[in-house]
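Undergrad: Would you be able to build a 3D model of this:
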Amino acid sequence: MQSPDDLVLEPSCGEAAFLLAAGERLSALNGAPPHPGQLTGIEMHAPSADEARGRMQLAGLPATVTPGDFFHYAPRACYDAVVGNPPYIRYQAFSGPARASSRAAALAQGVRLTGLASSWAAFTVHAALFLRPGGRLGLVLPAELLSVNYAAEVRSFLMRRFARVRLVLFEERVFPGVQEEVVLLLADGIGPTDRCELVQLRDASELASLPLGTYSWSPPDRGGKWTSALIGANGLARFRQVEASPEFAHLREWGRITLGAVSGNNGYFALSRERARQLGLDSSDLLPLSPPGSRHLRAATLSNVGWSRLADHGLAAFLFYPRLNPSRSARAYIALGESLGVHEAYKCRVRDPWWRVPLAPLADLFVTYMNAGTAQLATNRARIRHLNSVHGLVLNADHRHLGRDLLALASLNSMTLLGAEIVGRAYGGGLLKLEPREADVVPVPAPSVLAGPAGIRLRDLRPKLMRALRRGAVQDVVDAVDRVLLFEELGLGAEALGELRTARASLAGRRSARGRSRDGGPGLS
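TA: Predicted coordinates:
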């Protein structure tokens, strides 16, 4: 709070944690408790509203706390500050009248939210409308604000609405009991603005000494992802320079990203060799399959020998895919599935017959989807099918031979790894997730580069580098590929390469720090 006369609102106030802090701040500014009407809270859960009211009274802080749905309150632009921790309800559970009223509130301000939007998105827009001109917004939000596609309208709204948008980022989880990363949004003034200000802290304990100096960053467009803001001015400038060079292209220029097959029940449809033998299934009932997951793809290729080794080790390397006139053993397994209710799963019951999994296009390469470490490509030399735990890349005909030969290995360079961190999404537990539209724009070496001397050099190194990958020595491979593509071909110096590597390490480090954070404690409401 900046003035002893400030009016403060905490929507969705829970037990009034923010309202208590605001009252203490106003008391310190004024030398006396705030006057009635300065502190207002709204809380949907009536018992929590009672608890909040009691806590404020016990602290000697007069406050008005009313039970009700915040979205049912018409905006009154009278508050100097709106603060709090909005409820975070994912779209799957955010439905019915609550979703309808929230989307209507956002739409009234020209913010069109998709059906995938979680509750905090509309809440942020609605909360801003209660501020007087020049007022201040302070919200604890999921870090999804920075990266998810459905938040594009919210990002654009914030930069239109406010003159100053500051984001306080944390290296460690603020709420150790949940995996969700959060950011502190601080916005004020009368917009628009074309830039954000970034402050990075280790954890919430450093908020008391919030530094005045910030890193100012301008997004390419207001609604675009803000993830690149996390890597600092030097790293971002270098990334954009290399991305714009003719030596790099986006992955979509090599081919088409496709989703893997959706079985509806991997435990039923993906079978080990031993399980298929027990069921009496033969080759006419099965298709070779890249087992669910992507750990086996980290060696950048899946050959026939490699696939056979996976099958020999008991992995689910076969897809149940019987003929339309199934064998006797296949009919028996179908009957078993029906007795277990497999056919009642949504993806099964909407197809005819339910036991025939729609196949994804045969991929030339696999693209890892959920990544604890680096995002990677792997050549599908075994020419087998895959499920939706990985994406497929179907190469353009004129790039097919070159892409199968070199693209997976060449993509293990610092620029591509940084690009995946920027365009992907960091999820709880430290995972990096790449949706197809995000994988499309990962920067990779251009076809013309791999068709030239750099490609010849990588072919010469390939046996050695593939052995290193099988040992798990990924960084050794990245160092070698960097020398060929970034030093020799692109002409980057040590300082420039260091900027790319530092930027990538920063983003990957943030992910891994969240994955290592201890459990226990409060979480998002």
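Undergrad: Just name the shakiest helix or strand of the chain by mean pLDDT.
TA: helix 96-107 (a mean of 61; mean pLDDT, DSSP states H and E).
Undergrad: from the chain's centre, how far out does the helix or strand just after it sit?
TA: Next helix or strand after helix 96-107 toward the C-terminus (DSSP states H and E): helix 119-128. On the basis of C-alpha atoms, centre = their mean, to the nearest Å, helix 119-128 sits 20 Å off its chain's mean C-alpha point.
Undergrad: tell me the mean pLDDT for helix 119-128?
TA: Across helix 119-128, pLDDT averages out at 88.
Undergrad: Show me what that helix packs onto, helices and strands only.
TA: strand 8-11, strand 79-84, helix 96-107, strand 131-142, helix 152-161 (3 or more C-beta pairs under 8 Å, 6 or more residues apart in numbering; DSSP states H and E). Backbone N, C-alpha and C define where each C-beta goes, glycine included.
Undergrad: For the one helix or strand Ala21 maps to, buried residues please.
TA: Using DSSP H and E, Ala21 sits within helix 17-30. Buried positions in helix 17-30, judged by neighbour count with 16 or more other C-beta atoms under 10 Å: Ala17, Phe18, Leu19, Leu20, Ala22, Gly23, Arg25, Leu26, Ser27, Asn30.
Undergrad: ok, the closest residue to Cys196 other than its chain neighbours - how many residues close by?
TA: The shortest distance from Cys196 to any non-neighbouring residue, by C-beta to C-beta, 6 or more residues apart in numbering, is to Val165 (4.9 Å). Val165 has 23 neighbours, counted by other C-beta atoms under 10 Å.
Undergrad: per-residue pLDDT, Val165?
TA: As summarised for this prediction, Val165 has a pLDDT of 92.
Undergrad: Adjust the sequence numbering to begin at 132 for everything that follows.
TA: Will do, 132 is the new start, and the previous item becomes Val296.
Undergrad: partner residues bridging it?
TA: Counting by DSSP bridges, Val296 forms beta bridges with Ala318.
Undergrad: quick one: low-confidence ranges for this protein?
TA: 132, 219-241, 245-248, 302-311, 341-346, 351-355, 558-560, 644-656 (pLDDT under 70).
Undergrad: Of all residues in it, which one is nearest the centre?
TA: Residue closest to the mean C-alpha point of the chain, counted by C-alpha atoms, centre = their mean, is Arg556 at 2.2 Å.
Undergrad: Just grab the bridge partners of it for me.
TA: Lys564.
Undergrad: was I right about it contacting Arg568?
TA: No: in this structure, Arg556 is not within contact of Arg568 by C-beta atoms under 8 Å, at 11.3 Å.
Undergrad: what sits up against the longest helix seen in the chain?
TA: What stands out as the longest helix in the chain, according to DSSP state H, is helix 625-647. For helix 625-647, the surrounding residues in contact (C-beta atoms under 8 Å, 6 or more residues apart in numbering) are 302-304, 310, 312, 358, 361-363, 365-367, 369-370, 373, 503-505, 545-546, 548-549, 552-553, 557, 559-563, 613, 617-618, 623.
Undergrad: From these, which land in helices?
TA: Filtering those for helices - DSSP H - leaves 363, 365-367, 369-370, 373, 545-546, 548-549, 552-553, 613.
Undergrad: of those residues, closest to Arg291?
TA: Using C-beta to C-beta, Leu367 comes nearest to Arg291 of those, at 22.8 Å.
Undergrad: Tell me the secondary structure at Val330.
TA: Secondary structure, DSSP: H, G, I helix; E, B strand; the rest coil: Val330 is strand.
Undergrad: Check which helix or strand Leu596 maps to.
TA: Using DSSP H and E, Leu596 falls in helix 584-601.
Undergrad: ok, Arg333 - how many residues close by?
TA: Neighbour tally, Arg333, other C-beta under 10 Å: 10.
Undergrad: Hmm, I typed the wrong one, I wanted Ala180.
TA: For Ala180, using other C-beta under 10 Å, the count is 21.
Undergrad: Please tell me how far it sits from Leu508.
TA: Distance of Ala180 to Leu508, given as C-beta to C-beta, to the nearest Å: 53 Å.
Undergrad: With only the CA atoms kept, save the helix holding Leu596 in PDB.
TA: Extracted in PDB, the C-alpha atoms of helix 584-601 (Å, rounded to 0.1, in the frame of the first residue of the first chain):
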ATOM      1  CA  PRO A 584      30.000 -29.600 -45.600                       C
ATOM      2  CA  ALA A 585      28.500 -29.600 -42.100                       C
ATOM      3  CA  GLY A 586      26.400 -32.600 -43.000                       C
ATOM      4  CA  ILE A 587      29.500 -34.500 -44.300                       C
ATOM      5  CA  ARG A 588      31.300 -33.700 -41.000                       C
ATOM      6  CA  LEU A 589      28.400 -34.900 -38.900                       C
ATOM      7  CA  ARG A 590      28.200 -38.100 -40.900                       C
ATOM      8  CA  ASP A 591      31.900 -38.700 -40.200                       C
ATOM      9  CA  LEU A 592      31.300 -38.100 -36.500                       C
ATOM     10  CA  ARG A 593      28.000 -40.100 -36.300                       C
ATOM     11  CA  PRO A 594      29.300 -43.500 -35.200                       C
ATOM     12  CA  LYS A 595      31.300 -41.900 -32.300                       C
ATOM     13  CA  LEU A 596      28.400 -39.600 -31.300                       C
ATOM     14  CA  MET A 597      25.900 -42.400 -31.300                       C
ATOM     15  CA  ARG A 598      28.000 -44.500 -29.000                       C
ATOM     16  CA  ALA A 599      28.200 -41.500 -26.700                       C
ATOM     17  CA  LEU A 600      24.400 -41.100 -26.700                       C
ATOM     18  CA  ARG A 601      24.000 -44.800 -25.800                       C
END
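Undergrad: and it, how far from the chain's centre?
TA: 32 Å.
Undergrad: Quick one: list the elements packing against that helix.
TA: Partner elements for helix 584-601 (3+ C-beta pairs under 8 Å, 6+ apart): helix 539-541, helix 605-613.
Undergrad: winner for burial among those helices?
TA: Ranked by mean neighbour count, these are led by helix 539-541 with a mean of 26 (mean count of other C-beta atoms under 10 Å).
Undergrad: Could you find the closest non-adjacent residue to Ala491?
TA: Ala392 (4.6 Å).
Undergrad: and that neighbour, backbone torsions?
TA: phi -70, psi 140 (degrees, to the nearest 10).
Undergrad: cool, Gly603 as well?
TA: Here Gly603 shows phi and psi, under degrees, to the nearest 10, equal to phi 90, psi 10.
Undergrad: how many neighbours does it have?
TA: 11.
Undergrad: Please verify my assumption that His166 contacts Ala194.
TA: No: look at His166 against Ala194 with C-beta under 8 Å: they stay out of range, at 10.9 Å.
Undergrad: More neighbours: which of these two?
TA: Each of His166 and Ala194 has its neighbours counted (other C-beta under 10 Å); Ala194 has more, 25 against 12.
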